[in-house]
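Engineer: Next input, structure requested:
(2 chains)
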Amino acid sequence: MSDLTASAAPAPAAPAAEPGRKDGSDRWTQTLRDITGGSAMISILAVVFALVVGAILIAFTNERVQETAGYFFSRPADLLQAVWDAVAGAYSALFQGSIYNFRSKNFLTAIRPLTETLTFATPLIAAGLGVGLAFRVGMFNIGGRGQMLIAAGAAGYVAFAVELPAGIHLIVAILAGLLGGAIWGGIVGLLKARTGAHEVIVTIMLNFVALYLIQFLLRTPGALQAPGSNNPKTPAMLPTAVFPDLFGPRYNLHAGFLTVIAATIFVWWLLSRSNLGFQFRAVGQNPNAARVAGINVKNVYMYAMAISGALVGLAGINQVLGTVTTGFGAGIDAGIGFDAITVALLGRSKPWGIFAAGILFGAFKAGGFAMQAAEGVPIDIVVVVQALIVLFIAAPPLVRAMFHLPTPGTTKKPKIRAVKSRKTNEVVAK
Amino acid sequence: MKLELRGITKRFGALVANNNISLTVESGEIHALLGENGAGKSTLMNVLYGLYIAEEGEILLDDVVQKFAGPGDAMNAGIGMVHQHFMLVPVFTVAENVVLGHEQTTFGGRLDLSAARAKVREISDRFGFDIDPDALIEDLPVGVQQRVEIIKALSQDAKVLVFDEPTAVLTPQETDELMIIMRQLAESGTSIVFITHKLREVRAVADRITVIRLGTVVGEASPTATNAELASLMVGRAVELTVHKNAPELRGTALSVKNLTVIDARNQVVVNNVSFDVQAGEVLAIAGVQGNGQTELTEALIGLQHHVTGSIELDGKPLRGHSVRHILDSGVGFVPEDRTEDGLVADFSIAENLMLDRSSGAPFVKGGNLQLGFRAKFAAEKIHEFDIRSQGSDMEAGRLSGGNQQKVVLARELSRDLRLFVAAQPTRGLDVGSIEFVHTRIIETRDSGIPVIVVSTELDEVVALADRIAVMYRGEIVGIVPGTTPRATLGLMMAGEHAPATEAVL
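Structural biologist: Here you go, the predicted model:
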């Protein structure tokens, strides 16, 4: 639909075929398709524009800029200099905090920010893949928090309570976490398939169920609570179940990053090379046609949500087995389940796009702290930039208008939904 | 108002959709714009309506050159459009829809709906539409919704009305009523542009006919021209409107349907105790006015309906109660009624659409992996075999013209090992050339010994294809008669009168 390449080289039949085209799926799905179906160019422009707006905010909040603005008309150069200093300082701190620290003389320390970025990116990519996969099947998975918590709980329990040989222990813990996430996501798919319940509502509600379930378990001795403690916190993970460091103890980056690379490859294979993924995409684009073609739409919803839940669960696993191995509380999800939605949107729901978007957001997280420490720029600026990215992506027409990009398709969209001349088939039959 | 288009040229990249088209519509004239799908009719009208800006040429109204930057300008200049897919808000009333975008308000910003109602009544009375201004759009039949569109255009003082394929969604009766309305409008001085590809309608109502092919005007004709003349102008060659076929070679009963009853989601009995047989090697056409249970009957055959009683047996094996997957695997080929909605995934490539209903096993899938090499080869073969006009097998199906989309569906269904072929409205919305292609394919399928069911609301199609005709009315089969039954008899049966003594005993 909103693919830029489509309008760049229209087919001979395109103008005639377009006006007659209609989409019977509900507007929710159509919007989803519009938001996720855009091109990489939109994503890049959204990031650039968000950074520009971020620069303006940095300049506005800078004290030196405010001061020089007072005597702008007598010495305008001062203001421009101050603006430049503020913005350049903040963004170079962001860069040095996330990619490469020029101030460090030693390469091994200079490169440390990049490994921090990758560490932060690891759970974001995993959860982003899960959310993105659900997008491709036409579903909003807002349940990242719940799926992460359940997966973290399952993986964590195996990691601290079960004693197994090194290696096997880690694998069993990972599998337990994946299973936990898959079940928590699969419930959503099951309810959608059996009862037609909307996944947005179910996932949001299951977030609360998971949160209070984990909180309860964290206060129950013998369950997740550390023995001999009154705090709602688990004991530390056994060393046999912890992701080994990739480049030694000097860096935080752990082997969980490899699982995320594997997950990205898996999702790429699933969506573009496997028949299950073919069915996923068919259901995501046109569930009616998929049903007529003999694809079991209900099963597709269940499988897709289970796999989506497992991928989001991988983020939870990475948190407890890689990042916070000293025991965790109910806040272990750290909002990653929601950030993942942004990552999936920015990555256009494509596996490698999500991978790149996850690293970008990891860089924002890593660099944001450095920016605050070095330049006194509030870390909230980074959150604002992230929010602006979502805004610009969710409003492709706005971005298109700003950059004078051609509108996908050649006709203007009617403002009013056309009356459907035939009865709509319920996809999920009663 | 006199409308004149002079030398309109509209390009999309390398494609010239309209090439130097000139057209004059006199005041009070019905001017038919005839052409195949993709000929450039809709593009031309979108230029007229301000949706597209033409690269060359000008639009004149009463000899004054107009510049339209958008539909608003066109509307203000007196051009109204009745779209193929109605632009109405389903949950609004007729009056609310008619004033939408031009709301009159009273003190305090309140909507002046009584003025809107009066306006609807006034126009409705003038043309004998009999429309309740307070009826909700979603409760109205399609034909009446179209009249609301007409009222909407007229309420903006449209002097030139463009009807874009208005009959595509109408029943035969509604079509006839629309013809009368168009005549009335013309008599009251409105100029009408009537876009269609249906020859019968053009000859029934048009004062003048302009034929467009591949973006160029290829000729003008008067309504007295024969179907054959018009058709050959449209497609650039002589077209046979009837299908050449030999007597059927019957090979025994293949499909046997007994006491089939379907209850829909609203708990209505939509197919009521229907029984029929289809022999291998024959075409059974199911005729009837749309909405008399044909859609639900075909959906029941393919396993898409959930509350079905009775029995469906194909070659002695029961089909009822099985999944769509199982029924397709039993050798049933199915061309759904609505190809864009049920037949194709618009964002999928042609190749992907060609494997849509074979995504669970060989030859397209091995060990869970898509066989991309095989698929590309298969797609290239089918594109060649079915003459699918495209930029290659990676082109999105949604960007094909209607006829080529239907060819993709046909290619997919006919390339499986079939035991039964069911085609619902196989040529709806297609141009003459594509209709001929589809019909030929259906007869070839029959001649290869496969039982064929064709559901069609077009009597021409039924008569051209059928060896036997089952006529449905209100969910029941009124009678099954030979394919040679006169149209008058079929017409009576479609209105619910029982079949004459000539019950088919094939």
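
Engineer: residues from the stretch 201-350 of chain A in reach of chain B?
Structural biologist: Within the stretch 201-350 of chain A, the positions adjacent to chain B are A:273-276, A:278-279, A:281-282, A:285-286, A:288-296 by CB under 8 Å from any CB of the partner chain. Using the backbone N, CA and C atoms, a C-beta is placed for each residue, glycine as well.

Engineer: Just the buried ones from the residues you listed?
Structural biologist: Using 16 or more other CB atoms under 10 Å in any protein chain shown as the burial test, those include A:274-276, A:278-279, A:281-282, A:285-286, A:288-296 as buried.

Engineer: Surely A:Pro232 is in contact with A:Ala330?
Structural biologist: Yes. Applying CB atoms under 8 Å, one finds A:Pro232 in contact with A:Ala330, separated by 6.6 Å.

Engineer: okay, and the common contacts of those two?
Structural biologist: A:215, A:218 (CB atoms under 8 Å, 6 or more residues apart in numbering or on different chains).

Engineer: Show me where the stretch 1-150 of chain B has its strands.
Structural biologist: B:3-12, B:15-25, B:30-35, B:56-61, B:64-66, B:79-82 (DSSP state E, counting those that start in this stretch).

Engineer: Which other helices and strands does the third one contact?
Structural biologist: The one in question is strand B:30-35. On a contact count with 3 or more CB pairs under 8 Å, 6 or more residues apart in numbering or on different chains; DSSP states H and E, strand B:30-35 meets strand B:15-25, helix B:41-48, helix B:172-187, strand B:191-196, helix B:199-205, strand B:208-213, helix B:227-235.

Engineer: how far is the second one from where the chain is centred?
Structural biologist: Think helix B:41-48. Taking CA atoms, centre = their mean, to the nearest Å, one finds the center of helix B:41-48 at 19 Å from the center of the full chain.

Engineer: for that helix, packing partners?
Structural biologist: Secondary-structure packing of helix B:41-48 (3+ CB pairs under 8 Å, 6+ apart): helix A:14-17, strand B:3-12, strand B:15-25, strand B:30-35, strand B:160-164, strand B:191-196.

Engineer: got TSV for these, with distance to A:Met302 too?
Structural biologist: Shown next, in TSV, are the helices and strands packed on helix B:41-48 (distance: least, CB to CB, whole Å):
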stretch	distance to A:Met302
helix A:14-17	34
strand B:3-12	43
strand B:15-25	44
strand B:30-35	47
strand B:160-164	42
strand B:191-196	46
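
Engineer: any idea which of these scores lowest on pLDDT?
Structural biologist: Lowest mean pLDDT within the helices and strands packed on helix B:41-48: helix A:14-17, at a mean of 34.

Engineer: so which of the helices and strands packed on strand B:30-35 comes closest to A:Leu311?
Structural biologist: Nearest to A:Leu311 among those is strand B:15-25; the distance by CB to CB comes to 42.2 Å.

Engineer: That closest one to strand B:3-12, inter-axis angle?
Structural biologist: For strand B:15-25 against strand B:3-12, the angle by axes from the mean of the first three to the mean of the last three CA atoms, to 10 degrees is 180 degrees.

Engineer: Just checking: what are the partner strands of strand B:15-25?
Structural biologist: Paired neighbours of strand B:15-25 in the sheet (DSSP bridges): strand B:3-12 (antiparallel).

Engineer: And the contacts of the strand it pairs with?
Structural biologist: Residues contacting strand B:3-12 (CB under 8 Å, 6+ apart): A:10, A:14-15, A:410, B:16-25, B:40, B:43-44, B:47-48, B:52, B:54-61, B:63, B:79, B:160, B:191, B:193.

Engineer: buried ones in it?
Structural biologist: B:3-5, B:8-12.

Engineer: Next, the buried residues of stretch A:179-196.
Structural biologist: In stretch A:179-196, counting by 16+ other CB under 10 Å, buried: A:179-193.

Engineer: what sits up against that stretch?
Structural biologist: If you take CB under 8 Å, 6+ apart as the criterion, stretch A:179-196 is touched by A:130, A:139, A:141, A:143, A:146-148, A:150-151, A:153-155, A:197-199, A:202-203, A:206, A:210, A:297-299, A:301-314, A:316, A:426, A:428, A:430.

Engineer: again, but for stretch A:368-388
Structural biologist: With CB under 8 Å, 6+ apart as the test, stretch A:368-388 has contacts from A:46, A:49-51, A:53-54, A:57-58, A:61-62, A:86, A:89-90, A:93-94, A:96-98, A:113, A:339, A:342, A:361, A:364-365, A:367.

Engineer: how does it look with 7 Å?
Structural biologist: Residues outside stretch A:368-388 that contact it (CB atoms under 7 Å, 6 or more residues apart in numbering or on different chains): A:50-51, A:53-54, A:57-58, A:89-90, A:93-94, A:96-97, A:342, A:361, A:364.

Engineer: Mind checking the pLDDT average for it?
Structural biologist: Mean predicted confidence for stretch A:368-388 is 86.

Engineer: rewinding a little: narrow the contacts of stretch A:179-196 to those in helices?
Structural biologist: In helices, judged by DSSP state H, the following of the contacts of stretch A:179-196 are found: A:130, A:146-148, A:150-151, A:153-155, A:199, A:202-203, A:206, A:210, A:297-299, A:301-314, A:316.

Engineer: Show me just the buried residues among those.
Structural biologist: A:130, A:146-148, A:150-151, A:153-155, A:199, A:202-203, A:206, A:210, A:297-298, A:301-314, A:316.

Engineer: buried set for stretch B:106-122?
Structural biologist: Buried residues in stretch B:106-122 (16+ other CB under 10 Å): B:113, B:116-117, B:119-121.
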